[in-house]
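Asker: Structure, please.
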Amino acid sequence: LGSLTHLTTLALDENKLSGYIPTELEQLNSLAELNLSGQRSRKRIFGPLLSFSSNPNLTGVSIGGNNLEGPIPPDFLKDVDHNMDIKIDLSFNMLAGAVPLTLDAFTKLDINLVGNDIDELDYTLCDNDELLNYLKYFITRRT
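Answerer: Predicted coordinates:
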C-alpha cells in the first residue's frame, strides 16, 4: 500500500474491512481523499486514529461508523494547508478526550464528531470568528 505514491483517492466505504488503519496510508503524499466509513464487518475498523500528519494534500477524511478509539492525535493533519477546505467525518466511533487545539489553525474546517466520547472543546476554538464561519462541531456523548 505504501508504494502507491500517486494514489489520490482511496474509497473503501461500506465494505467488510476490520482491523487497524494501515500506517502506510500516512506515507501517501498524494492522497487527497480517504473514505473508510461504515464498515459492515462485526469488528469494523478499530484502534487509534492515525494523525495523517504527513499527508499534505489530504482534504477529506471519512472514517465514521467504525470503532476507532482513544484521542484525536494532537498533530492531526499537521502538514495540510490550513487555508484549504477540509472535510472530516469521524462520527460514531469511540474517540475520547479533547478536540486538539491545533485544529484552530484551519480556516475552513468541517468536522463531524457526533457519537463519540469527546469531553473537551477549548474555548479558543469557539473564539475564532473566521473558523466559526466554516467549522461545525457535532459533539454528543454516547449514552
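Asker: Near residue 4, how many other residues are there?
Answerer: Using other C-beta atoms under 10 Å, residue 4 has 14 neighbouring residues. All C-beta spots, glycine's among them, are computed from the backbone N, C-alpha and C.
Asker: can you check residue 24 too?
Answerer: 11.
Asker: Please apply the same query to residue 120.
Answerer: 11.
Asker: which non-adjacent residue is nearest it?
Answerer: Leaving aside its sequence neighbours, residue 120 sits nearest to residue 98 (C-beta to C-beta, 6 or more residues apart in numbering; 3.7 Å).
Asker: Confirm for me that residue 79 is in contact with residue 51.
Answerer: No - contact between residue 79 and residue 51 fails when scored by C-beta atoms under 8 Å: they sit 9.7 Å apart.
Asker: Show me the strands in the chain, by range?
Answerer: Ranges of strands within the chain are 9-11, 33-35, 46-47, 60-62, 67-70, 86-89, 94-99, 109-121, 137-141, based on DSSP state E.
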